[in-house]
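1. need a structure here:
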Amino acid sequence: MKFAVSTLLSAAACLAGTTISAQTLPDRISEAGVVRIALEIPYVPMEYPDPETGELTGFDIELAAAMAEILGVKVEYEVGAFEALTTNLQSGRVDLIMSGFYDRPARREYFDFVHYLRAGGQFFALDSREDLQAPADLCGLTVSTIRATSYPETIKAVSDELCVSAGLDPITVMEDTDASQLLINLKTGRADAAMQGLESIPTYMTNDPGVFRPLGEPVGSALMGMAFNKTDTELRDAFVHALTQVIEDGTYAELIDKYQLDLSAYTDVTVGTEFEG
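-> Sure thing, here's the model as predicted:
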């Protein structure tokens, strides 16, 4: 799989000549004083309920709060299934998606993305599975992942390349509804391994020391972004401005360190890519 950026708008380019519009909000947002964000929980470390307070927390939550403060608005979250994120945005029920959401070609037809993290799929398994050391060891076995993401397709591509082409049994994909069910299936042995975003694995390993182990290097490359309806350019540009500010004032770096996302850090604040992968 290959990652190529052929048309890329940097934050500086996006803001050049449009400084005023980048800092203003659509009338519906400024009048209400609220921006509505669609997300799915739990997706550690991006968005999840705090185990002690039950309040939403995570990298996306804290980053969104920092940007909202710059824009002078409050945040309301519309929590739902991952499959509902796009329909909620298209229907106008929310203003944007910010939920570990990958910029993929099929999504780009409908949405504009403001990128803020690098991403990619990562196989992992129980540390006790000494027979599993690399993705090639998964041929003929079952791998759990989240439905409605790009990971089922990614696993199939790996299976075709490493297993089917070598005359071995393919990887069976188990599609789970959320990360909690995925981890249960992995721990109980219903799945031999799993695939999640590389941003999640360090937190899983910290929360359950000695339980999980990554298998090989991340598979493929992508960018994670906030998604906006294509007609909502004023709101998109306002968030480009806010994201640029939280990067410049050091808030972004603090959150990257807090949530162990060093491998995912992306500070170019790009808008608009051509993706091959």
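2. helices or strands up against the helix or strand hosting L186?
-> For L186, the element it lies in under DSSP states H and E is helix 179-187. Helices and strands touching helix 179-187, by 3 or more Cβ pairs under 8 Å, 6 or more residues apart in numbering; DSSP states H and E, are strand 111-126, strand 142-146, strand 172-176, strand 193-197. The C-beta positions use only the backbone N, C-alpha and C, and glycine is treated the same way.
3. Dump the ones you listed to CSV, plus mean pLDDT.
-> Shown next, in CSV, are the helices and strands packed on helix 179-187 (pLDDT from 0 to 100):
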stretch, mean pLDDT
strand 111-126, 94
strand 142-146, 96
strand 172-176, 96
strand 193-197, 94
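4. Name the stretch among these that sits most buried.
-> strand 193-197 (a mean of 26; mean count of other Cβ atoms under 10 Å).
5. Other residues contacting that one?
-> With contact meaning Cβ atoms under 8 Å, 6 or more residues apart in numbering, strand 193-197 is reached by 100, 119-125, 129, 132, 138, 141-146, 151, 154-155, 179, 182-183, 185-186, 204, 215, 219, 224.
6. Relative to the whole chain's centre, how far out is it?
-> Per Cα atoms, centre = their mean, to the nearest Å, the displacement of strand 193-197 from the mean C-alpha position of its chain is 13 Å.
7. in the helix holding L186, what counts as buried?
-> 179, 182-183, 185-186 (16 or more other Cβ atoms under 10 Å).
8. what is the rounded mean pLDDT of it?
-> Averaging pLDDT along helix 179-187 yields 93.
9. ok, and what's touching it?
-> For helix 179-187, the external contacting residues (Cβ under 8 Å, 6+ apart) are 42-44, 125-126, 144-146, 174, 176, 190-191, 193-194, 196, 200, 204, 211-212.
10. All set now, cheers.
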